[in-house]
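K.L.:
Turn this into a structure:
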Amino acid sequence: MSILPESDFCFIVPALAKYKLDNHIYFEAGPQFGLMHKAWVEYNSDVDGKDARIRQYNKDMINKLDVGAVGGLGYQFMNGKGISIGVKYYYGFVNVYKDKSGTKNNSWFLKANIPIGAGKKETAAN
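P.N.:
Next up is the predicted model:
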């Protein structure tokens with residue numbers, strides 16, 4: 001039998017400020033906002049070849065909004081104009097469960113950013 005952790009679908013919007021150093025390393029920090037859409041706890045069981053899955057929706061027990069702070073750093077290739085890689089950490093200020101303290105979100109992110117349309121514009125000769 002396995003108990004999967006609570007699943008939720010959130011819309012997450014970070015609002016980060018970025019500070020770039022001359023050596024292509026950057027720091028970023030700012031608030032992050034989340035809006036929960038769906039949430040459930042899922043139980044899976046396999047006993048004697050019989051599978052069972054129970055999904056209990058618990059959206060009413062969870063705070064709909066999440067607010068926290070994000071901080072991170074990264075490196076941007078190609079003289080600061082190409083792909084970047086980085087790591088950032090999120091710390092939530094709001095409890096996940098409405099009636100339980102100490103249930104705040106926190107997470108580490110590894111990221112890769114690929115710039116699209118970031119090249120220089122060519123000027124037409126008249």
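
K.L.:
going forward, measure contacts and count neighbours with C-alpha atoms only.
P.N.:
Fine.

K.L.:
Skip ahead from the longest strand along the chain and say which helix or strand is next.
P.N.:
In terms of residue count, the longest strand belonging to the chain (DSSP state E) is strand 25-47. Using DSSP states H and E, the helix or strand that follows strand 25-47 in sequence is strand 50-57.

K.L.:
Can you name the residues that contact residue 76?
P.N.:
24-26, 82-85 (Cα atoms under 8 Å, 6 or more residues apart in numbering).

K.L.:
now stretch 53-70: how far from the chain's centre is it?
P.N.:
15 Å (Cα atoms, centre = their mean, to the nearest Å).

K.L.:
In terms of secondary structure, what does the helix or strand residue 106 falls within contact?
P.N.:
Assessed by DSSP H and E, residue 106 sits inside strand 104-113. Judged by 3 or more Cα pairs under 8 Å, 6 or more residues apart in numbering; DSSP states H and E, strand 104-113 is in contact with strand 84-95.

K.L.:
so what's residue 10 bridging to?
P.N.:
When bridges are called by DSSP bridges, residue 10 pairs up with residue 36.

K.L.:
burial count for it?
P.N.:
16 (other Cα atoms under 10 Å).
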